[in-house]
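Student: When you get a sec, could you give me coordinates for this:
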Amino acid sequence: MSGTIYSLIPPLLAILMVIVTRRVLLSLGVGILSAALLLHEFSITEAGKSMWGSFSAIFVSDGALNTWNVYIIFFLLLLGLITAFISISGGSRAFGEWALKRVKTRVGAHLVTAFLGIIIFIDDYFNSLAVGQVSRPLTDRHRISRAKLAYLIDSTSAPICVVSPVSSWGAYIIGIIGTILAAHSVADITPFAAFVQMIPMNFYVISAIAMVFIVSIYNVNLGAMKTHEQRAVDSGNVVDPDKKEVPGELKENLPVSDKGSVWDLVLPIIALIVGVVVAMIWTGWANVAEGTPVTALAIFENTDVTGSLLYGGLFGLLITLIMFIRQATISQKISFELIPKGIVEGIKSMLPAIWILLLAWMIVDLIGQLETGVYLAGLVESSNLNIGMIPVIMFLIAGIMAFSTGTSWGTFGLMLPIAGQIAATVDITILLPAMSAVLAGSVFGDHCSPISDTTILSSTGAGSHHIDHVLTQLPYAIIAAVVASIGYLVLGFTNSTLIGLAVVLLMLVGIFIFAKQKQSSSSQAVNAAYNNK
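Tutor: Numbering: from 1, shown residues only. You can find the predicted model right below:
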């Protein structure tokens with residue numbers, strides 16, 4: 001059943017179950033079981049072996065440690081430890097109080113988070129987790145729901161990374177573009193120049209980031225987001241108190257130093273950021289092939305992303321422990337006896353995210369074996385496309401593929417070469433628009449998919465329930481996708497980036513004006529209720 005329409009069953013089953021039952025682990029488990037059964041023609045024994053193989057491959061692949069996955073798990077655990085000891089040292093409380101005095105409005109708290117998401121563009125994993133750590137004390141103090149925080153993080157992390165040439169995403173994409181240009185004898189443009197020219201064609205990124213600022217300024221709460229925001233303002237519960245197992249959230253109220261300062265949070269986060277960036281540059285420099293010019297692009301193309309996260313996390317933890325030791329010597333409320341408890345609580349805070357991530361990796365692996373992406377890609381190759389429709393079709397198919405498989409990078413790898421092949425066959429001038437549409441669609445599908453690791457890490461960074469994040473982000477992602485789709489239609493039929501971009505910007509201006517003039521009564525009520533607190 002590999003490579004057929006039946007390969008769509010496991011991801012769609014898992015996604016539908018997540019939406020209906022809101023039980024993420026159960027839904028992913030059912031998707032994994034159904035994928036294994038389809039792979040082995042419903043042989044329970046073989047399906048069991050396949051699931052075990054998929055689980056073990058997370059840790060050991062081709063006889064060697066799977067450092068990509070293992071380092072991400074270790075980084076999450078390190079982040080949990082950093083969070084716990086920052087809390088004990090009083091850094092989170094002090095930063096929240098400091099920020100509340102300077103950022104005095106909910107709009108300001110929204111915008112600070114959005115700008116941080118744009119500034120930290122090195123890697124989406126790091127972006128999601130680091131921005132969450134910095135913003136959470138601020139947004140909690142302003143009674144902004146964790147679901148809204150997760151949306152702000154997710155809608156700035158991957159979108160900014162996919163258009164940044166100096167990032168792990170940019171290096172990966174430029175590498176693929178280079179092979180496509182060489183395969184089709186396109187010699188009048190370099191891979192880097194092609195990537196730069198595609199940036200203004202990435203209409204979903206432009207729309208998604210614009211939506212973040214519209215939502216932030218006018219407090220636009222759509223669908224389930226209204227419930228989360230109203231509860232946060234009315235009761236101060238930024239997460240649903242009836243639900244358990246919030247990723248990234250400390251389970252117990254740990255003792256907090258009465259001498260804590262802003263630096264007890266800021267220095268560990270700065271150390272984390274500096275540690276990761278330095279490690280990325282160092283590992284990239286070391287991996288550049290001998291005789292190859294050492295450029296910024298070459299460094300980021302060869303960097304060890306997850307290794308850098310691990311090294312940066314260790315450095316961040318070291319500085320965090322130094323700050324904790326300082327507080328333990330000056331505050332009577334905490335002592336060195338809290339170290340074991342801090343370690344346990346820090347690890348426990350990240351376990352919900354790790355369980356979800358492990359199952360997501362398993363289902364993505366099994367879906368890959370079912371060749372779900374290959375089937376969807378084949379639909380594109382076998383259809384006779386009108387030239388003007390190619391960009392929007394690429395956008396939609398890439399979106400469906402990333403949504404179904406839970407991986408934007410996997411979608412890049414499959415769909416970018418197909419876009420290149422179609423353009424080379426039909427009209428080479430459509431090459432860059434088609435590839436930019438693939439990039440945009442991949443990010444869109446990844447945003448909407450509950451089995452995507454970046455979606456999981458965004459909810460973890462925000463300390464939001466995973467399914468709450470998925471359901472509340474969906475309306476905003478769909479609006480941005482509709483805007484982008486219309487832009488790709490215009491781009492395809494006019495072959496003009498300027499005209500397509502102008503149409504997208506005009507639609508966004510229309511949304512901005514509509515949000516300003518027709519701000520919902522519920523949103524006004526949220527603001528009014530907050531101002532009365």
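Student: Can you check the pLDDT for Ala529?
Tutor: What the model reports as pLDDT for Ala529 is 57.
Student: again with Ile19
Tutor: pLDDT, read off for Ile19, is 74.
Student: I'd guessed it sits against Leu471; true?
Tutor: Yes. Taking contacts as CB atoms under 8 Å, Ile19 lies within contact range of Leu471: 7.1 Å. Bear in mind the C-beta positions are built from the backbone N, C-alpha and C, glycine included.
Student: Have a look at these two and say which one is more surrounded.
Tutor: More crowded of Ile19 and Leu471, by other CB atoms under 10 Å: Leu471, with 19 against 14.
Student: Tell me how far Ala193 lies from Thr455.
Tutor: 32 Å (CB to CB, to the nearest Å).
Student: Mind checking which of those two has more residues around it?
Tutor: Thr455 (25 against 13).
Student: Helix or strand: which one has that one?
Tutor: helix 453-462 (DSSP states H and E).
Student: residues of the helix or strand following that helix that come out buried?
Tutor: Moving toward the C-terminus from helix 453-462, the next helix or strand (DSSP H and E) is helix 466-494. Neighbour-count burial for helix 466-494 flags 466-477, 479-481, 483-493 (criterion: 16 or more other CB atoms under 10 Å).
Student: how about the strands in the stretch 51-200 of the chain?
Tutor: 60-61, 64-65 (DSSP state E, counting those that start in this stretch).
Student: In terms of secondary structure, what does the last one contact?
Tutor: Looking back up the chat, that one is strand 64-65. Using 3 or more CB pairs under 8 Å, 6 or more residues apart in numbering; DSSP states H and E as the contact definition, strand 64-65 packs against no other helix or strand.
Student: and what of the first one?
Tutor: For strand 60-61, the contact count by 3+ CB pairs under 8 Å, 6+ apart identifies no helix or strand as a packing neighbour.
Student: Strand partners (parallel or antiparallel) of it?
Tutor: As defined by DSSP bridges, the strand partners of strand 60-61 come to strand 64-65 (antiparallel).
Student: Using CSV, list the CA coordinates for stretch 293-310.
Tutor: Only the C-alpha atoms of stretch 293-310 are listed here, as CSV (Å, rounded to 0.1, in the frame of the first residue of the first chain):
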residue,chain,number,x,y,z
PRO,A,293,36.1,29.3,0.7
VAL,A,294,35.0,29.8,4.3
THR,A,295,31.9,32.1,3.9
ALA,A,296,29.0,32.7,6.2
LEU,A,297,26.8,30.6,3.9
ALA,A,298,29.4,27.8,3.9
ILE,A,299,29.5,27.8,7.7
PHE,A,300,25.7,27.6,8.1
GLU,A,301,25.5,25.0,5.4
ASN,A,302,27.8,22.8,7.3
THR,A,303,26.9,23.6,10.9
ASP,A,304,25.8,20.9,13.3
VAL,A,305,22.5,22.4,14.4
THR,A,306,21.5,19.9,17.2
GLY,A,307,25.0,19.6,18.5
SER,A,308,25.2,23.4,18.7
LEU,A,309,21.9,23.4,20.7
LEU,A,310,23.4,20.9,23.1
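Student: Now that stretch: average pLDDT?
Tutor: Stretch 293-310 comes out at a mean pLDDT of 81.
Student: contacting residues around that stretch?
Tutor: 67-69, 71-72, 74-75, 78, 123, 125-126, 165-168, 170-172, 174-175, 192, 276-277, 279-285, 287-289, 292 (CB atoms under 8 Å, 6 or more residues apart in numbering).
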